[in-house]
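Q: Sequence plus predicted model, see below.
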Amino acid sequence: MSQRLSKVDLHIHSTTSDGVLTPSEVVCLALEREMNVIALTDHDTLGGVAEAQQAAASTRLEVIAGVEVSSEGEWGDLHILGYYVDPENGPLQDMMQAMQNARLGRARKMVQRLGKLGMPLEWEEVQALAGGESVGRPHVARALLNRGYVVTLQDAFDRFLANGGPAYVPRLKLTPSQVIQAIVEAGGVAALAHPGHYWTALELLPEFVGYGMRGLEVYYPNHSPAEIEVLLRLCREHGLIATGGSDFHGPGFEEGAPLGSVYVPPECVAQLREAERR
Ligand code: AMP
Ligand code: ZN
Ligand code: FE
Ligand code: FE
């Protein structure tokens with residue numbers, strides 16, 4: 001890779017949700033790239049954290065227990081990152097379990113809809129593609145691609161799976177306030193993920209701060225220098241920690257960028273730790 005690599009990456013997916021590499025493989029890659037701190041942030045599950053932390057034990061790499069929880073606000077989907085959460089926290093575990101159960105039923109419904117649209121899929125195939133815990137639209141998209149119904153994963157979203165698309169089924173609805181509070185009560189620091197996906201939702205930032213949100217994902221693939229400036233100003237205004245990461249999903253995935261490819265200032269890790277102690 002020609003770009004300068006970052007030592008810190010706080011937004012990473014693994015096979016525990018819709019990423020391509022296992023938690024251990026993510027750790028190997030981070031070590032290869034001589035990184036210092038990563039956070040595993042799978043969708044609606046902490047299930048990969050223990051494996052990643054084990055793989056990084058007795059190395060110089062710190063693996064932060066993280067999660068990216070899907071919520072829905074007035075503006076639509078909002079993803080909320082949690083850092084330094086206690087993976088054993090009961091209420092958070094219950095919330096994630098409810099999300100996993102709902103995701104299973106939802107994915108089955110999407111498969112049914114696709115069948116009615118003339119694109120039959122085997123449920124077992126989707127389940128096998130999901131492998132881990134958090135079955136999601138990217139797995140259904142992959143199954144459509146494998147069957148040749150679409151030409152790329154993006155094509156599957158554009159034609160069938162995007163919000164409001166003919167095979168789209170919503171997730172279990174959790175509000176931002178429920179999610180932020182669950183993260184805070186699990187001892188974690190909550191941060192708004194990829195604000196560039198929903199600029200208008202930033203109007204709600206003061207409300208989120210009121211629920212206990214402490215961070216904003218400033219450094220992210222495709223955030224321009226001017227956008228980063230705007231987000232840093234919001235951080236100063238609301239006393240938020242500027243976090244960042246690649247949203248790495250693995251090779252060939254549309255969303256996100258290569259592991260470590262987004263520069264994240266290392267001091268934000270100390271700030272997160274400090275916020276978690278309070
Ligand atoms: P899910 O949580 O199952 O609804 O899946 C959400 C994931 O699907 C996101 O993290 C993205 O990786 C992907 N995704 C959602 N919407 C789109 C879209 N319009 N185009 C491409 N990928 C998308
Ligand atoms: Zn994803
Ligand atoms: Fe996200
Ligand atoms: Fe993500």
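A: Noted; the coordinates are in hand. In this text the structure is predicted, and so the values were computed from the model without any measurement. Numbering: from 1, shown residues only. Ligands and ions are numbered 1, 2, ... in the order given.

Q: tell me which parts of the protein are close to ligand 1?
A: Residues of the chain that fall close to ligand 1, judged by C-beta under 6 Å from any ligand atom: 43, 70, 136-138, 154, 157, 162, 171, 254-255. Backbone N, C-alpha and C define where each C-beta goes, glycine included.

Q: taking these one by one, which sit in helices?
A: Here DSSP state H is the test, and the residues of the chain next to ligand 1 give 137-138, 154 as lying in helices.

Q: Turn those into JSON lines, including pLDDT.
A: Below are those laid out as JSON lines (pLDDT from 0 to 100):
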{"residue": "Arg137", "pLDDT": "96"}
{"residue": "Pro138", "pLDDT": "94"}
{"residue": "Gln154", "pLDDT": "91"}
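
Q: for the residues you listed, which one is nearest ligand 4?
A: Comparing those against ligand 4 with C-beta to the ion places Pro138 closest, at 10.7 Å.

Q: about what we covered before: for the residues of the chain next to ligand 1, which one is nearest His197?
A: Using C-beta to C-beta, Glu255 comes nearest to His197 of the residues of the chain next to ligand 1, at 9.8 Å.

Q: what's near enough to touch that closest one?
A: Applying C-beta atoms under 8 Å, 6 or more residues apart in numbering to Glu255 gives the contacts 247, 249.

Q: what about the stretch 101-250 of the chain, any weak spots by pLDDT?
A: Along the stretch 101-250 of the chain, the model assigns pLDDT under 70 to no residue.

Q: Can you pull the residues of it lying near ligand 3?
A: Contact residues (C-beta under 5 Å from the ion) of the stretch 101-250 of the chain with ligand 3: Ala193.

Q: Residue in the stretch 101-250 of the chain with the shortest distance to ligand 3?
A: Counting by C-beta to the ion, the stretch 101-250 of the chain gets nearest ligand 3 through Ala193, at 4.9 Å.

Q: still on that earlier bit, just the buried residues out of the residues of the chain next to ligand 1, in ChimeraX syntax.
A: With 16 or more other C-beta atoms under 10 Å as the criterion, this ChimeraX line picks the buried residues out of the residues of the chain next to ligand 1:
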select :43,70,136,137,138,157,171,255
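
Q: ok, and the closest non-adjacent residue to the residue of the stretch 1-150 of the chain found nearest ligand 3?
A: Of all residues in the stretch 1-150 of the chain, the one sitting closest to ligand 3 is His79 (3.6 Å; C-beta to the ion). Leaving aside its sequence neighbours, His79 sits nearest to Ala193 (C-beta to C-beta, 6 or more residues apart in numbering; 3.8 Å).

Q: ok, that neighbour - contacts?
A: With C-beta under 8 Å, 6+ apart, Ala193 has these contacts: 11, 68, 78-81, 217.

Q: Greatest separation within these: which pair is it?
A: His11 and Leu78 (14.7 Å).

Q: and which of the residues of the chain next to ligand 1 is nearest Leu205?
A: Nearest to Leu205 among the residues of the chain next to ligand 1: Ser70, at 18.6 Å, using C-beta to C-beta.

Q: In contact with whichever residue of the stretch 101-250 of the chain sits closest to ligand 1: list those residues for me.
A: Residue of the stretch 101-250 of the chain nearest ligand 1, by C-beta to the nearest ligand atom: Gly136 (2.7 Å). Counting by C-beta under 8 Å, 6+ apart, Gly136 touches 17-18, 43, 103, 107, 130.

Q: For those residues, which single residue is the most surrounded?
A: With neighbours taken as other C-beta atoms under 10 Å, the top of these is Ser17, carrying 27 neighbours.

Q: how far away is it from ligand 4?
A: In this view, Ser17 and ligand 4 are 8 Å apart by C-beta to the ion, to the nearest Å.

Q: hang on, the earlier thing: quick one: which of His11 and Leu78 has more around it?
A: His11 (29 against 24).

Q: Count residues in the vicinity of the residue lying closest to Arg159 once chain neighbours are set aside, would you?
A: In space, and not counting its chain neighbours, Arg159 is closest to Val150: 6.5 Å by C-beta to C-beta, 6+ apart. Residues lying near Val150 (other C-beta under 10 Å) number 21.

Q: Now the phi/psi pair for Val150, please.
A: Note on Val150: its backbone torsions stand at phi -130, psi 160 [degrees, to the nearest 10].
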